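Asks: Next come a sequence and a model predicted from it.
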Amino acid sequence: MSIEKLSRREIARLVAQDIPDGAYVNLGIGIPTLVAAFLPNDRDVILHTENGIVGMGPGDPGMPLDLDLINASKEAVTLLPGASITDHVMSFAMMRGGHLDLTVLGAFQVSGGGDLANWDTGEPGTIPAVGGAMDLVAGARQVYITMEHVTKRGEPKIVQQCSYPLTGSGVVDRIYTDLAIIDITPGELMVRGMVAGLTLEALQAVTDCPLSLAPDWRELTVEAN
């Protein structure tokens, strides 16, 4: 059986399905910003962006671009009823003060112990930019990571020890990749889901840390376009 990886939108859909009702959630740059488009209509999730919006709604392609209403990825968004806009001081106080239930971020590497590296690879021509990531991982109650499972060179991004500068130590709770959903639990990485056709052995071959398969693991299907 051939293996079809999840797209970035499909990864975002899986994250959206797992966000509980009533949660205050920060969405980082990249795949995380896509999560807003897939939140269930019957679930009340309050979205926060570090540039100062609480109560962010998805973008509306039919509306003219308003550069005063953008998310962390500099994409146009809307405001939901009851939304508020703050300056960066207040926004970062929310992030650092433990007022967010969850932050969803991208990553270059995640270690088996939950260390996160997502701001600098040291590659020539790149510009290190941590933004508010360190504040988010220190202040949010949970941290979910979205990323491709391997690099463009085919190297694992889930590693024994991060080789890039850390954003936070032991902060990651769950990883969503184009191949699997993996929980970081004390002493082990627990696979909660895998794409159709993938075996634990094949997933282990592209993961640098030992994996365990949850008894109630599920098959991840391709749904979003």
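Replies: Cool, got the structure.

Asks: List of residues touching the biggest strand by length in the chain?
Replies: The single longest strand within the chain, with elements called by DSSP state E, is strand 211-220. Residues outside strand 211-220 that contact it (Cβ atoms under 8 Å, 6 or more residues apart in numbering): 6, 14, 180-183, 188-196, 200, 203-204. To be clear about C-beta, it is placed using only N, CA and C from the backbone, and glycine gets the same treatment.

Asks: What's the mean pLDDT across it?
Replies: Per-region confidence: strand 211-220 scores 97 on mean pLDDT.

Asks: strands paired with that strand, and their directions?
Replies: According to DSSP bridges, strand 211-220 forms sheet pairs with strand 188-195 (parallel).

Asks: for the record, mean pLDDT for the longest helix seen in the chain?
Replies: Looking across the chain with DSSP state H, the single longest helix is helix 8-18. Taken as a whole, helix 8-18 has an average pLDDT of 97.

Asks: Begin at 18, not 1, for the rest of this chat.
Replies: Renumbered: residue one is now 18, and that last one reads helix 25-35.

Asks: Return the distance of that helix from the chain's centre.
Replies: Counting by Cα atoms, centre = their mean, to the nearest Å, helix 25-35 is centred 9 Å from the centre of its parent chain.

Asks: Name the residues of that helix that are buried.
Replies: Using 16 or more other Cβ atoms under 10 Å as the test for burial, helix 25-35 gives 27, 28, 29, 30, 31, 32, 33.

Asks: Closest one to residue 173 out of the residues you listed, please.
Replies: The closest of the buried residues of helix 25-35 to residue 173 turns out to be residue 28 (Cβ to Cβ; 17.2 Å).

Asks: hang on, isn't the closest one packed against residue 195?
Replies: Yes - counting by Cβ atoms under 8 Å, residue 195 is a contact partner of residue 28 at 6.4 Å.

Asks: returning to what we had before: what's the longest helix of the chain packed up against?
Replies: Packing partners of helix 25-35 (3 or more Cβ pairs under 8 Å, 6 or more residues apart in numbering; DSSP states H and E): helix 48-51, strand 159-163, strand 191-193.
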